[in-house]
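**Q** generate coordinates for the sequence data below:
(one chain, ligands or ions: 1)
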Amino acid sequence: MSGVWTAMGLLAAVATTSLAASPAPKPSVAHAPFGRAGNEAVELYTLTNAHGVEVQVMTYGATLVSIKTPDRTGRLANIILGFDTLQPYLAGVPYFGATVGRYANRIANARFTLDGKQYELSRNDGPNSLHGGSRGFDKRIWQVEPSPGKSAATLRMKYVSAAGEEGYPGELTAHVSYRLSDDDRLVIEYSATTTAATPVNLANHAYFNLTGDPHQTILGHVLTIDASRFTPVNSTLIPLGELRPVAGTPFDFRTPMAIGSRIAADDEQLRLGHGYDHNWVLEPAAGHEVRLAAVLTDPTSGRSLEIRTTQPGLQFYSGNFLDGKPAGHGTVFPYRTGLCLETQHFPDSPNQPAFPDTILRPGQRYSATTVLRFSVQK
Ligand code: GLA
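**A** From the prediction side, this is the model:
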């Protein structure tokens, strides 16, 4: 394997200095067995573009396992937290790179009422239901489907969630596709249909560390979030219902700010979140447009990540629960060595009528798109 990475590093170095002159490799998708989850085989897919940018996705959880992008010298490194074997994922990691659903984020007291009927969900986060419950979409095997179009490296996956699974009504057929384009964009598209009315909120839970070194903290990363309001939370991280202006608070990222610059500020919301673990309110774009949500840069490596989305919310989580304690499989996740920028609907929307609606009904199609664009600042 290491021979392959070296060759890709060289390709990437050539690509950043002289794009036109280098003989561009074709975008490709390769796959290999990645182990077994119980009786089921798990596959690892590798998407590569003409610059040598490489994205790995496994069928367990439709999970982003690695994203390798060049730094300003052309050196490729993995910019998300992940493992090169399946075992640590099965032993339990906090949603590294996973597709979370049926409802990403929290639902208060693990219950909601829909069309006059109360539903009890699986309770896996204090009193609340988090990321779909005890066995959400991140712990299910997704089926790979043929993907249309040959111009980009594309992987399309499907998961059928049974009616009643984790307490949710209706059989939900969910699709996620990952498309890596030659202009260094990873386009993530979600869609879903249902047999009965149900809340739906699908998101990716990658932890970014643009240094490429998972032992360094993300506190020096510089973040911009294009939002003037956020949803303050209570002590179990459920929104209070208020859309609070960020102006004059440590939540104002409308201009680029180092994540560590205000994270220890004397602020009640930072105390409740143990740092940043909040939803920002993205102003809706016209129609179903993919609008700018956030830009993250690492001044040391020069790597930059731009995030665009059709979603109304962005959960910025600064890795506060990566606490340096050994996980079940002996691995340690040092404190704040990864951060999540989860494009999604607002937390607890099924219980908050003023929030954008998350209910999908039979005959309707849920769809959402998020685009990650990788670049370097010289
Ligand atoms: C989400 C939540 C966090 C935490 C992580 C997983 O991002 O907002 O509070 O639960 O997932 O550890």
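
**Q** any buried residues in stretch 197-217, and which?
**A** 198-212, 214, 216-217 (16 or more other Cβ atoms under 10 Å). Yep, even glycine has a C-beta here, placed from its N, CA and C like the rest.

**Q** what's the end-to-end length of it?
**A** Counting by Cα to Cα, to the nearest Å, you get 42 Å between the two ends of stretch 197-217.

**Q** got it, and stretch 92-103?
**A** By Cα to Cα, one end of stretch 92-103 lies 19 Å from the other end.

**Q** that stretch - what's its average pLDDT?
**A** When pLDDT is averaged over stretch 92-103, the result is 95.

**Q** all further residue positions should be reported with the first residue as 6.
**A** Sure, I'll start counting at 6 from here, so that last one is stretch 97-108.

**Q** pull the distance from that stretch to the chain's centre.
**A** 8 Å (Cα atoms, centre = their mean, to the nearest Å).

**Q** cool, and stretch 163-181?
**A** That offset, for stretch 163-181, works out to 20 Å (Cα atoms, centre = their mean).

**Q** give the buried residues for it.
**A** By 16+ other Cβ under 10 Å, the buried positions in stretch 163-181 come out as 163-164, 166, 170-177, 179-181.

**Q** what's the closest of the residues you listed to the ligand?
**A** Relative to the ligand, the closest of the buried residues of stretch 163-181 is E171; by Cβ to the nearest ligand atom it sits at 16.1 Å.

**Q** and the stretch 56-205 of the chain, which of its residues are near the ligand?
**A** 99-100, 135 (Cβ under 6 Å from any ligand atom).

**Q** pick the one among those residues closest to the ligand.
**A** Checking those against the ligand with Cβ to the nearest ligand atom, the nearest one is P99 at 3.6 Å.

**Q** for my notes, confirm that closest one occurs in a helix.
**A** No - secondary structure of P99 (DSSP: H, G, I helix; E, B strand; the rest coil): coil, not part of a helix.

**Q** one step back: so which of the buried residues of stretch 202-222 are in strands?
**A** Judged by DSSP state E, strands contain the following of the buried residues of stretch 202-222: 203-204, 208-209, 212-213.

**Q** between those, which is closest to P244?
**A** Using Cβ to Cβ, P204 comes nearest to P244 of these, at 14.8 Å.

**Q** list the contacts for the closest residue to Y212 other than its chain neighbours?
**A** The shortest distance from Y212 to any non-neighbouring residue, by Cβ to Cβ, 6 or more residues apart in numbering, is to G343 (2.9 Å). Residues counted as contacts of G343 (Cβ atoms under 8 Å, 6 or more residues apart in numbering) are 85-86, 212-214, 219, 223, 324, 327.

**Q** going along the chain, name the helices of this structure.
**A** Using DSSP state H, the helices of the chain run over 7-22, 92-97, 273-278.

**Q** roughly how far apart are the closest residue to R308 other than its chain neighbours and the ligand?
**A** Spatial nearest neighbour of R308, chain neighbours left out: L215 (4.1 Å); criterion: Cβ to Cβ, 6+ apart. As for L215, its distance to the ligand is 18 Å (criterion: Cβ to the nearest ligand atom, to the nearest Å).

**Q** ok and the residue in the stretch 206-355 of the chain nearest the ligand?
**A** Taking Cβ to the nearest ligand atom, the stretch 206-355 of the chain has Y322 as its residue nearest the ligand, at 3.7 Å.

**Q** what's the neighbour count on that residue?
**A** By other Cβ atoms under 10 Å, the residues close to Y322 number 25.

**Q** ok, what's across the strand from it?
**A** D282, C345 (DSSP bridges).

**Q** pull the contacting residues for it.
**A** Contacts of Y322 (Cβ under 8 Å, 6+ apart): 281-282, 344-345, 347.

**Q** and those near the ligand, which?
**A** Residues of the contacts of Y322 in contact with the ligand (Cβ under 6 Å from any ligand atom): 282, 345.
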